[in-house]
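S.K.: Attaching a predicted model along with its sequence, questions to come.
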Amino acid sequence: MPAFEYSALDGRGHKKTGLITADSELAARRELRLQHLAPLALRQADSRRGVQAPGTAVGQLIEYVSRRDLGTRDLMLITRQLAALIEAGMPVEESLDLVGRQLEKHAMRRIIMAVRARVTEGSRLADAMAAAPGSFPPVYRALIAAGEASGSLGMVLSRLSDHLETEDAVRNKVVGALVHPAVLAVVAIGVITMLMLFVVPRLAEQFTGMGVSLPTLTRSMIAISSFLATSWPWIAAGLAGSAIAFILAYRQPGYRRIHDAVVVRVPLIGAFLRQVEAAAFARTMSILITSGTVLPDALRAAGRAGANHAFREMIAVVVSDVESGRGLSDALTRGGWIPSLVIYMVAAGERSGRLDEMFGRAADQLGRDIDSSIAVSLSLLEPGIILVLGLIVVLIVLSILLPILQLNTLVLG
């Protein structure tokens, strides 16, 4: 049964908006009148998000910044509620209806009610969610499809919500730990900017008028200050243009493939990104295999969930090797991406027939390793920022003091 968005007046003349399900627009208007509402506007709800902008650079940017897909927390909330209702024995359609009516955000309610409408029309839940790909990622839909096929949808939703909550907790931890270093960096950059744009130029005028030969450090700082004072609009425009160009280029498959291949080769950062991808892969494989998905299909779904294009290409090769008869642990070893810990556990799972359990254990261990890496990195970040910015401030202060000391020497001498 389709869902319709409506705008109507109640008996007191107050405007009300909301969603209503009905067989047709005429039936929806009739239902509104039965509720003593006078329809002003009515249109069928659609879960597709985003502005359909032209294929120009400006249009792509508008489309990128105007999307209003479900965020991680929104998806986590919906998944947890659906898991509780479906595990309690409530049908999918009724669960979606109940969850949708309880949502406060109009955008979230619109998406869920549109999904419910498609389920009511006979679509599977995973297929209904596919109409909103920006809100429900491919691996999310693949897990839902596996849960529907195996009759364990409630369990899959519960595992999914646990996974989303873990990701959200890590994200919050990182953001919270970055607040103080970010504030420190902003304040320090502000101080440096004030010194370079206001203090150094005034001192430069005084020193130049005296006809004194300035130290190399002072001349360098004056040159940098002069450049910043005259070119800051171009610098700001260049930075903004570079950011926009990167956003637009990153959405192009060709550029993203090159970017992803390069970033994983960066020392330290590349190793960390590989670890994150491997943890997500192991967690997804554990859920898929537990829900009854056959190994090649599970690998394909887990590969599509990868954020890095190079990782997805590696998993595609692994799928081909597995389908040709090679063992999963051997195929993963050939890929050269997955950490040895995961490969050892996968090999043990293949021998014992507990592959899902071993993937889960590997994901847990990698998660702990990632938490440790994040904690160490963040603990080093603040001292690093203080050291770098402090060094810059010291150089600026020295560039100011050296000519003064030189003048004092000349006067006293």
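M.R.: Nice, I can see it.

S.K.: number of nearby residues for the closest residue to residue 352 other than its chain neighbours?
M.R.: Using Cβ to Cβ, 6 or more residues apart in numbering and skipping residues adjacent in sequence, the residue nearest residue 352 is residue 358, 7.7 Å away. C-beta here means a position set from N, CA and C on the backbone, and glycine is covered the same way. Neighbour count of residue 358, defined by other Cβ atoms under 10 Å: 23.

S.K.: what's the spacing between residue 353 and residue 289?
M.R.: 11 Å (Cβ to Cβ, to the nearest Å).

S.K.: out of those two, which sits in the more crowded spot?
M.R.: In terms of neighbours (other Cβ under 10 Å), residue 289 is the more surrounded of residue 353 and residue 289; the figures are 23 against 8.

S.K.: So which bits of the helix or strand that contains the more buried one are buried?
M.R.: Assigning secondary structure by DSSP states H and E places residue 289 in helix 269-290. For helix 269-290, the neighbour count (16 or more other Cβ atoms under 10 Å) marks 272-290 as buried.

S.K.: The one helix or strand in the chain whose mean pLDDT sits lowest: what's the following helix or strand?
M.R.: Ranking every helix and strand in the chain by mean pLDDT, DSSP states H and E puts helix 57-66 at the bottom, with a mean of 42. Downstream of helix 57-66, the next assigned helix or strand under DSSP H and E is helix 72-87.

S.K.: neighbours around residue 398, how many?
M.R.: 14.

S.K.: Can you give me the domain boundaries for this structure?
M.R.: As given by automatic domain parsing, the domain ranges for the chain are 3-45, 50-136, 152-413.

S.K.: Mind putting those into JSON lines with distance to residue 143?
M.R.: Listed next are the domains of the chain as JSON lines, based on distance: least, Cβ to Cβ, whole Å:
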{"stretch": "domain 3-45", "distance to residue 143": "24"}
{"stretch": "domain 50-136", "distance to residue 143": "8"}
{"stretch": "domain 152-413", "distance to residue 143": "5"}
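
S.K.: now, of those domains, which is deepest in the fold?
M.R.: The highest average neighbour count among these, using mean count of other Cβ atoms under 10 Å, belongs to domain 50-136 at a mean of 18.

S.K.: Residue 85 contacts residue 102, doesn't it?
M.R.: No. Judged on Cβ atoms under 8 Å, residue 85 makes no contact with residue 102 at a distance of 10.6 Å.

S.K.: Tell me where the stretch 51-200 of the chain has helices.
M.R.: 57-66, 72-87, 92-102, 106-120, 125-129, 138-150, 153-194, 200-210 (DSSP state H, counting those that start in this stretch).

S.K.: Pick out the shakiest of those, pLDDT-wise.
M.R.: Ranked on mean pLDDT, the bottom entry among these is helix 57-66, at a mean of 42.

S.K.: where in the stretch 201-350 of the chain is pLDDT low?
M.R.: 209-212 (pLDDT under 70).

S.K.: cutoff 90 now
M.R.: By pLDDT under 90, the low-scoring segments of the stretch 201-350 of the chain are 201-233, 235-236, 243, 246-281, 283-314, 324-327, 334-342, 350.

S.K.: avg pLDDT for the longest helix along the chain?
M.R.: Counting residues, the longest helix found in the chain (DSSP state H) is helix 355-412. For helix 355-412, the mean per-residue pLDDT is 84.

S.K.: partners of the closest residue to residue 32 other than its chain neighbours in the sheet?
M.R.: Spatially, and ignoring its direct neighbours in sequence, residue 32 is nearest to residue 39 (5.0 Å; Cβ to Cβ, 6+ apart). Counting by DSSP bridges, residue 39 is bridged to residue 8.

S.K.: Counting neighbours, what do you get for the closest residue to residue 130 other than its chain neighbours?
M.R.: Excluding its sequence neighbours, the residue lying closest to residue 130 (Cβ to Cβ, 6+ apart) is residue 141, at 5.8 Å. Counted with other Cβ under 10 Å, the neighbours of residue 141 add up to 21.

S.K.: who are the neighbours in contact with residue 141?
M.R.: 126, 129, 130 (Cβ atoms under 8 Å, 6 or more residues apart in numbering).

S.K.: Redo those as CSV? Include distance to residue 369.
M.R.: Below are those laid out as CSV (distance: Cβ to Cβ, whole Å):
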residue, distance to residue 369
126, 32
129, 32
130, 34
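
S.K.: Just give me the closest of those to residue 394.
M.R.: Comparing the contacts of residue 141 against residue 394 with Cβ to Cβ places residue 129 closest, at 56.3 Å.

S.K.: quick one: the closest residue to the closest one other than its chain neighbours from residue 195, how far?
M.R.: Excluding the flanking residues, the one nearest residue 129 by Cβ to Cβ, 6+ apart is residue 136, at 4.0 Å. Relative to residue 195, residue 136 is positioned 50 Å away (Cβ to Cβ).

S.K.: got it, and residue 15?
M.R.: Distance from residue 15 to residue 195, by Cβ to Cβ: 55 Å.

S.K.: And residue 270, by the same measure?
M.R.: According to Cβ to Cβ, residue 270 stands 36 Å off from residue 195.

S.K.: Extract the C-alpha set from stretch 136-152 and format it as PDB.
M.R.: The C-alpha trace of stretch 136-152 is given here as PDB (Å, rounded to 0.1, in the frame of the first residue of the first chain):
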ATOM      1  CA  PHE A 136      20.800   1.600   3.300                       C
ATOM      2  CA  PRO A 137      24.300   0.600   2.200                       C
ATOM      3  CA  PRO A 138      24.800  -2.500   0.000                       C
ATOM      4  CA  VAL A 139      26.100  -4.700   2.700                       C
ATOM      5  CA  TYR A 140      23.200  -3.700   5.000                       C
ATOM      6  CA  ARG A 141      20.800  -4.800   2.300                       C
ATOM      7  CA  ALA A 142      22.800  -8.000   1.700                       C
ATOM      8  CA  LEU A 143      22.600  -8.900   5.300                       C
ATOM      9  CA  ILE A 144      18.900  -8.200   5.400                       C
ATOM     10  CA  ALA A 145      18.400 -10.400   2.300                       C
ATOM     11  CA  ALA A 146      20.400 -13.200   4.000                       C
ATOM     12  CA  GLY A 147      18.300 -12.900   7.100                       C
ATOM     13  CA  GLU A 148      15.000 -13.100   5.100                       C
ATOM     14  CA  ALA A 149      16.200 -16.100   3.100                       C
ATOM     15  CA  SER A 150      17.300 -18.000   6.300                       C
ATOM     16  CA  GLY A 151      14.300 -17.000   8.400                       C
ATOM     17  CA  SER A 152      16.600 -15.300  10.900                       C
END
